[in-house]
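J.: Output the structure for:
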Amino acid sequence: SPTVPAGITTARLVLKSKAKRELVVHRVPAGTTIEELARGARGRPEQWFHDWSFGGPSVPRDSMPDAAATLDLRPGRYLLVAYEVDPSGRPRADKFIWREVSVIAGAVLIPARFPVPDLTMKIKSGQIEVSGVVRTGQRVVQVENASGRPHDVLIGRLKPGKTLDDVKKWDRDRTEPAPFIYVGGLTPMSTGFTAQTKLVLQTGLHVVLCTMRHSGERERDYQRGMLASFKVN
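T.: Numbers count the residues shown, from 1 in each chain. Predicted structure coming up:
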């Protein structure tokens with residue numbers, strides 16, 4: 001819809017073509033045109049995510065036709081950017097499509113309340129804290145960015161015999177296979193923002209990591225220690 005009500009909103013990404021994509025929900029700052037903001041998304045620079053990026057659904061799993069993220073949207077104009085994702089799971093920074101959506105304030109102000117999560121991930125400076133006990137099945141995962149930088153979240157189930165050290169050594173910029181099976185995640189969100197996603201979790205040890213590379217740094221966040229694990233029983 002071209003307009004949606006403000007408050008807790010679920011953005012669902014449904015893929016109907018061969019290309020895989022992820023979705024970023026970004027509020028348009030006052031005094032900025034939608035075209036200017038869309039041009040700024042080219043190259044996927046860190047600065048573009050620094051302010052007013054609410055996150056969004058990462059590319060769906062191979063076995064799933066869609067992915068969703070629940071966000072607390074405030075009144076205003078929003079840009080939805082769907083980056084194409086290559087076979088290795090990396091967003092193609094210069095291949096994206098976009099459209100505008102308006103978020104309208106309702107007549108009655110209803111306090112925003114996210115569903116109670118099964119698992120909470122809090123991103124702080126240089127680390128990810130995971131809390132909650134989860135069992136198999138579809139579960140609600142909440143991500144809070146309490147750091148001073150934008151961050152994304154990737155969640156995977158470790159392959160047999162693989163450890164967190166294997167994840168830290170993994171080079172996402174090459175074609176080598178990941179030491180985990182991709183489960184889902186959220187696209188970059190600005191500091192101070194919270195978002196949720198629903199994932200189907202299977203038994204095993206899982207890893208959560210940030211894949212962003214910040215300006216002036218050679219390594220990605222997870223290679224610098226921004227990753228954690230949790231077990232699904």
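
J.: what's the first-to-last distance across stretch 121-128?
T.: Taking Cα to Cα, to the nearest Å, the first and last residues of stretch 121-128 lie 7 Å apart.

J.: how close does Arg12 sit to Ser131?
T.: When distance is defined by Cβ to Cβ, to the nearest Å, Arg12 is 26 Å away from Ser131. Backbone N, C-alpha and C define where each C-beta goes, glycine included.

J.: And for Met212?
T.: Distance from Met212 to Ser131, by Cβ to Cβ: 22 Å.

J.: the more surrounded of those two?
T.: Neighbour totals were compared for Met212 and Ser131, and Met212 leads with 19 against 11 (other Cβ atoms under 10 Å).

J.: and the more buried one, what does it touch?
T.: Counting by Cβ atoms under 8 Å, 6 or more residues apart in numbering, Met212 makes contact with Glu46, Arg149, Pro150, His151, Asp152, Pro188, Arg220, Asp221.

J.: Just the buried residues of those.
T.: Arg149, Pro150, His151, Asp152, Pro188, Arg220, Asp221 (16 or more other Cβ atoms under 10 Å).

J.: I figured the last one hits Pro188, correct?
T.: No: counting by Cβ atoms under 8 Å, Asp221 does not reach Pro188; the two are 10.9 Å apart.

J.: Identify the contacts common to those two.
T.: Between them, Asp221 and Pro188 share the contacting residues His151, Met212, judged by Cβ under 8 Å, 6+ apart.

J.: Next, give phi and psi for Leu164.
T.: When quoted as degrees, to the nearest 10, the phi and psi of Leu164 stand at phi -60, psi -30.

J.: just for the protein, where's the confidence low?
T.: Where the chain drops to pLDDT under 70, the residues are 107-111.

J.: how about the helices of it, start to end?
T.: Secondary structure of the chain (DSSP state H): helices at 34-40, 46-49, 164-169.

J.: Which one, of these, ends up nearest to Thr194?
T.: Each of those has some distance to Thr194 by Cβ to Cβ; the shortest is helix 46-49, at 15.4 Å.

J.: pull the CA atoms of the closest one into CSV?
T.: Extracted C-alpha coordinates of helix 46-49, given in CSV (Å, rounded to 0.1, in the frame of the first residue of the first chain):
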residue,chain,number,x,y,z
GLU,A,46,27.8,3.0,6.0
GLN,A,47,26.9,6.7,6.3
TRP,A,48,23.6,6.0,4.5
PHE,A,49,22.5,3.7,7.4
